[in-house]
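Peer 1: Predicted coordinates and the sequence they were generated for:
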Amino acid sequence: MPRGVGVRVPLPAQRYSRSMNIEQLKSDSLSVTLKLNVEVADYAPRVKKSLHELRRKTEVKGFRKGMVPPGLIHKMYGRTVLLEEVNKLISEELEKYIHENNIKIIGEALPDDELTKEIDWERDESFSFVFDLILAPIVELTLTEDDHIPIKEAKISKKEKDEYVESLRKQYGRFADVESVEKGDDFLKVDLSQGEKSVKATHITLRSITEEELKQPFIGAKVGDIVKVDVVKTFPNLTDRASLLNMKKEELDDTEPLWQATVLEIRRFSPAPFDKEFYTQLFGEGVVKTKEAFMKKVEEQMQNDFASERDFRFTVDAREYLIEKCAIELPDMLLKRWLHLNNDGKFSMEEIDKDYDAFARDFRWQLIRGHLMREHNLTITKEEMMSNAIRVAYHRFASYGYSNVPMEGLEKFAQNMLANEKEAGRIAEMAQDGKVFALIRSVVTLDAEKVPFSKIKDINN
């Protein structure tokens with residue numbers, strides 16, 4: 001999407017003081033159309049001065065420096081200087097008019113090619129140019145408790161809580177040696193033999209054996225027992241079988257399928273028990289001492305897991321609510337023209353049309369956010385900018401798989417981002433969003449909507 005727009009100074013009244021060589025063709029609440037009439041008297045002194053400066057500096061063969069005839073200088077540079085000086089004059093007069101009439105505009109003045117007559121720069125002495133000014137819209141918004149915005153809250157059922165706890169127990173589960181194979185997911189260390197062939201201390205994971213009947217020869221086996229294994233049927237995947245037999249895949253065809261497995265070790269994975277080690281792994285030394293305290297802490301953690309999704313959903317709902325409430329009218333055609341010109345034609349009008357609705361909603365939010373920042377005297381400190389930059393740096397590193405970057409590294413990366421104007425602008429917007437959403441949340445009425453914990457990922461889809 002094209003670059004965003006910047007909003008300049010206060011909204012104008014509908015009457016404007018007259019500025020030299022400028023007349024107002026039309027005006028409404030969204031735009032002003034101005035016609036600049038440039039006469040010889042306006043630009044001639046400037047052109048003469050510029051040509052004089054060029055004459056002093058120009059060197060032409062056959063003439064001493066500074067002594068080139070004025071007519072030759074005019075022939076060489078006259079048209080270029082005329083264009084430059086008229087453009088400078090237009091820019092200065094527009095800026096002066098906007099400043100003197102206290103006009104707030106979006107972006108820059110747009111040349112109106114349809115209303116501007118074609119100019120013959122070789123023969124014409126007076127010129128007329130027409131420009132459209134996009135007026136910054138008025139934002140009328142007061143937040144009160146009469147504004148109702150939904151906010152999601154987690155509804156945690158006993159089943160969801162139990163499933164969450166079991167997930168934690170499996171995550172922090174432990175292996176233990178056992179006397180015999182009792183479950184179809186035990187882990188075995190075995191010696192394999194087939195005549196003179198042998199494979200020492202290889203591993204069999206019963207969970208990886210998909211057919212239940214092929215697991216049965218192992219059930220009940222103890223350390224020292226010998227189990228006959230058809231490795232072709234039991235391990236049909238060539239990679240798994242080659243790993244088990246410590247062979248290359250191409251060697252498997254020359255190997256008989258039936259082997260003897262002597263059990264050396266049986267290990268079983270069990271979910272973590274409710275004990276001190278488990279509590280400490282999750283919450284730190286001495287924080288939780290009993291199962292009752294553990295279950296309470298788990299519910300807090302589940303609520304925290306839900307909080308980030310809830311908070312993001314709130315920003316979406318709050319943003320949309322205020323955009324609809326303010327109903328800010330925009331001069332769509334002029335904004336599309338401005339986007340096209342401001343991006344040097346990188347985006348076609350068809351591309352701008354396609355993405356314009358999303359751009360317009362984002363721009364309306366920028367106006368609302370700016371209004372609330374001013375109305376409530378909200379500011380962003382250097383410390384807050386740094387804090388937000390560090391958070392961005394952390395998430396950026398994490399997205400590349402680096403989640404343990406030391407604070408020193410994060411701070412250095414954050415400083416580099418803040419030194420980049422574009423990056424700093426994005427971080428400032430993020431900081432402003434945080435302040436404004438916190439303000440909204442503190443003023444409006446929040447309508448709680450209970451959502452099952454299992455639907456946590458669905459609320460932002």
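Peer 2: Perfect, I can see it now.

Peer 1: which stretches of the chain form strands?
Peer 2: All strands of the chain, identified by DSSP state E, fall at 22-27, 31-38, 110-111, 127-134, 148-155, 174-177, 187-194, 197-205, 226-230, 258-270, 445-452.

Peer 1: and the fourth one with strand 22-27, angle?
Peer 2: What it means is strand 127-134. Put simply, strand 127-134 runs at 50 degrees to strand 22-27, going by axes from the mean of the first three to the mean of the last three C-alpha atoms, to 10 degrees.

Peer 1: before we move on, back to that, so which of the strands of the chain is the most surrounded?
Peer 2: Burial of the strands of the chain is given as mean neighbour count (mean count of other C-beta atoms under 10 Å); strand 127-134 ranks first at a mean of 21. All C-beta spots, glycine's among them, are computed from the backbone N, C-alpha and C.

Peer 1: Can I get that one as PDB, trimmed to CA atoms?
Peer 2: This file holds the C-alpha atoms of strand 127-134, laid out as PDB (Å, rounded to 0.1, in the frame of the first residue of the first chain):
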ATOM      1  CA  PHE A 127       0.600  32.000 -16.300                       C
ATOM      2  CA  SER A 128      -2.200  30.500 -14.300                       C
ATOM      3  CA  PHE A 129      -2.000  27.400 -12.100                       C
ATOM      4  CA  VAL A 130      -4.800  25.600 -10.300                       C
ATOM      5  CA  PHE A 131      -4.200  23.600  -7.100                       C
ATOM      6  CA  ASP A 132      -6.500  21.600  -4.800                       C
ATOM      7  CA  LEU A 133      -5.900  21.600  -1.000                       C
ATOM      8  CA  ILE A 134      -7.100  18.600   0.900                       C
END
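
Peer 1: what pairs with it, and is each one parallel or antiparallel?
Peer 2: Paired neighbours of strand 127-134 in the sheet (DSSP bridges): strand 31-38 (antiparallel), strand 110-111 (antiparallel).

Peer 1: on that earlier part again, got the strands of the chain as a markdown table, with mean pLDDT and distance to residue 349 columns?
Peer 2: A markdown table is the format used below for those (pLDDT from 0 to 100; distance: least, C-beta to C-beta, whole Å):
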| stretch | mean pLDDT | distance to residue 349 |
| --- | --- | --- |
| strand 22-27 | 87 | 23 |
| strand 31-38 | 92 | 19 |
| strand 110-111 | 90 | 14 |
| strand 127-134 | 92 | 16 |
| strand 148-155 | 91 | 36 |
| strand 174-177 | 89 | 64 |
| strand 187-194 | 93 | 65 |
| strand 197-205 | 92 | 61 |
| strand 226-230 | 93 | 70 |
| strand 258-270 | 92 | 62 |
| strand 445-452 | 91 | 41 |
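
Peer 1: Please compute how far stretch 279-292 lies from its chain's middle.
Peer 2: 36 Å (C-alpha atoms, centre = their mean, to the nearest Å).

Peer 1: Pull out the buried positions in that stretch.
Peer 2: 279, 282, 283, 288 (16 or more other C-beta atoms under 10 Å).

Peer 1: Going along the chain, name the helices of the stretch 301-450 of the chain.
Peer 2: Using DSSP state H, counting those that start in this stretch, the helices of the stretch 301-450 of the chain run over 332-342, 349-375, 382-399, 407-419, 421-443.

Peer 1: As TSV, the strands of the chain with distance to residue 92 would be great.
Peer 2: What follows is those, written out as TSV (distance: least, C-beta to C-beta, whole Å):
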stretch	distance to residue 92
strand 22-27	11
strand 31-38	11
strand 110-111	16
strand 127-134	13
strand 148-155	47
strand 174-177	78
strand 187-194	82
strand 197-205	80
strand 226-230	91
strand 258-270	79
strand 445-452	51
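
Peer 1: So which of these is nearest residue 166?
Peer 2: Minimum separation from residue 166 across the strands of the chain (C-beta to C-beta) falls at strand 258-270, 12.1 Å.

Peer 1: contact partners of the closest one?
Peer 2: 173-183, 185-194, 201, 204, 221-231, 245 (C-beta atoms under 8 Å, 6 or more residues apart in numbering).
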